[in-house]
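Q: next comes the sequence, and after it the predicted model I'd like to discuss.
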Amino acid sequence: MKIGASTLAGMEYDLEKTLDFIEGLGLEYAELVHQYPSENVSLDLLESYNLKYSIHAPFMDVNIASLQDKSRINSINQIKNSIDFANKIDAEAVVVHPGLISFLANKYFKKEVIDTANQSMIELGDYSKDLGVMTTFENMPAFDSMIYQDMNKLHDILSENDLHMTLDIGHANHAGYSADGMIFDSIKHVHIHDNFGDDDAHLALGEGSIDLKRVVNNLESKSYDGIYMIEVNDYDSIKKSYKYIIENF
């Protein structure tokens, strides 16, 4: 298995401290959350580690499904900047959120929001392909503002356009998917964390109710060869999760 950890666990610290911790555990991969406070990352810093990287494109104040042209274009450009950065560091993958829907848009313009998200994903996918970068789009948890909680619909639009999915196991569980129901051929990257289904809690592996062994076995049976990126809330949860993987897989 290819195993890494997201820098989400150390958002309140300097990036260097979090990368020190991830490398110190013996992990091979780190996923850089490419937004404040790590919007501008030193290439020299990254090259000082024996780590391989993926990039989580910005999602704070970003919405590629916005019906406001200026907001959508700004969001697209921020994510293209992450794709460019991924190209510079030869990142394994870029992760993108498919967008948000406001209360008013959900009431009157839901189809238009979905159509806009689809167009944006296709645009970003084409931009990535031209650079040789693998950009993936992440399934969302069951919050009212999130679109593409429905993994079947996300898979369909991605497959139709030769695009790829990041399976977020915790999000899928929160959205009501069983271990068997969250596996799709479009999956090329995985965020792994745990919860009890009632919240997107990002718990350490084994601290929730997800049948993680079944999910991983299902992925492996499909010859999944991407990274399992531990995406939890703090350093201790990374350590516990890595131990869980070593002991169970």
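A: Cool, got the structure. Numbering: from 1, shown residues only.
Q: list the buried ones in the lengthiest helix in the chain?
A: Scanning the chain for the helix with the most residues, using DSSP state H, yields helix 110-131. Neighbour counts over helix 110-131 (16 or more other CB atoms under 10 Å) mark 113-114, 116-118, 120-122, 124-125, 127-128 as buried. Heads up, the C-betas are built off the backbone N, CA and C, glycines and all.
Q: what is the nearest of the residues you listed to Asp156?
A: Of all the buried residues of helix 110-131, Asp156 sits closest to Asn118, with 10.2 Å by CB to CB.
Q: does that closest one really touch Ile157, like I thought?
A: Yes. If you go by CB atoms under 8 Å, Asn118 and Ile157 touch, sitting 5.4 Å apart.
Q: if we can go back for a sec, rebuild the buried residues of helix 110-131 as JSON lines, extending it with pLDDT and distance to Lys88.
A: Output for these, formatted as JSON lines (pLDDT from 0 to 100; distance: CB to CB, whole Å):
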{"residue": "Val113", "pLDDT": "96", "distance to Lys88": "32"}
{"residue": "Ile114", "pLDDT": "96", "distance to Lys88": "32"}
{"residue": "Thr116", "pLDDT": "98", "distance to Lys88": "29"}
{"residue": "Ala117", "pLDDT": "98", "distance to Lys88": "27"}
{"residue": "Asn118", "pLDDT": "98", "distance to Lys88": "28"}
{"residue": "Ser120", "pLDDT": "98", "distance to Lys88": "23"}
{"residue": "Met121", "pLDDT": "98", "distance to Lys88": "22"}
{"residue": "Ile122", "pLDDT": "98", "distance to Lys88": "24"}
{"residue": "Leu124", "pLDDT": "98", "distance to Lys88": "17"}
{"residue": "Gly125", "pLDDT": "98", "distance to Lys88": "19"}
{"residue": "Tyr127", "pLDDT": "98", "distance to Lys88": "15"}
{"residue": "Ser128", "pLDDT": "98", "distance to Lys88": "14"}
